[in-house]
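> 3D model of this:
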Amino acid sequence: MLASLRACVADFRQGPREPWPQVAFAGRSNVGKSSLLNALFGQKLAQVSKTPGKTRTLNYYLVNNRCFFVDLPGYGFAAVAKSERESWGRNVTDYIVHEERLKLVVALVDPRVPTSPLDQALLALCREAARPVLVVLTKADALSRGALAAERLRVQRDLQLEDLPLVFSAKSGEGKRELLKAIAERLPTPLFG
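Numbers count the residues shown, from 1 in each chain. Below you'll find the model as predicted:
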């Protein structure tokens, strides 16, 4: 996969103007967004940090000169001022509601922690804005097969999903092919080829 970082902006209106479809990656701080993106890209483009809340801008990665993957700021814990956290929330909400090129939101959930009201709010916002959502459980390698199966059912129930969430491990690469296939199926133009 050919990928390059094209822009980092606080307000989506300052992002790239190309007409290509966009896929947003959203989730609570420390859910593993950057690790997942790097695993998909096959290179270290996204900054990985041990400190939750490191991504503070909307980061646009051009993929195969056909699509943008957009890394959204994490929600929840971040060691910054409340006013800054609130402005991130506004920026993410504006992007999800108003960006016409947004074709899919990939909602990342850590299966090892209880479903957050913020995860539920993200899904509610996407449904309100009529945005397709793909829920992916990250850090799949951290749980046994049985525990992961149980968490998939719990998250499906908690977030009122029609289908079981996908699973992904940035460490082992488990779920990479399935996730890329699921993203490609939801885009109006081919992602590969």
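
> quick check: pLDDT value at the residue of the chain positioned farthest from its centre.
For the chain, the largest distance from the centre (Cα atoms, centre = their mean) belongs to Gly146, which lies 24.9 Å off. As predicted, Gly146 sits at a pLDDT of 97.

> need the three-state assignment for it.
Per DSSP: H, G, I helix; E, B strand; the rest coil, the secondary structure class of Gly146 is helix.

> correct me, but Asp71 touches Phe25?
Yes - in this structure, Asp71 is within contact of Phe25 by Cβ atoms under 8 Å, at 5.4 Å. Every C-beta, even on glycine, is put in place using the N, C-alpha and C of the backbone.

> where does pLDDT dip in the chain?
Across the chain, the ranges flagged by pLDDT under 70 are 49-55, 76-88, 193.

> now stretch 125-133: how far from the chain's centre is it?
Counting by Cα atoms, centre = their mean, to the nearest Å, stretch 125-133 is centred 14 Å from the centre of its parent chain.

> for that stretch, list the C-alpha coordinates in PDB.
C-alpha atoms of stretch 125-133 as PDB (Å, rounded to 0.1, in the frame of the first residue of the first chain):
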ATOM      1  CA  LEU A 125     -23.300  10.800  16.100                       C
ATOM      2  CA  CYS A 126     -22.400   8.600  13.100                       C
ATOM      3  CA  ARG A 127     -25.900   7.200  12.900                       C
ATOM      4  CA  GLU A 128     -27.400  10.700  13.300                       C
ATOM      5  CA  ALA A 129     -25.200  12.000  10.500                       C
ATOM      6  CA  ALA A 130     -26.000   8.900   8.400                       C
ATOM      7  CA  ARG A 131     -22.300   7.800   8.200                       C
ATOM      8  CA  PRO A 132     -21.500   4.200   7.800                       C
ATOM      9  CA  VAL A 133     -19.500   2.800  10.700                       C
END
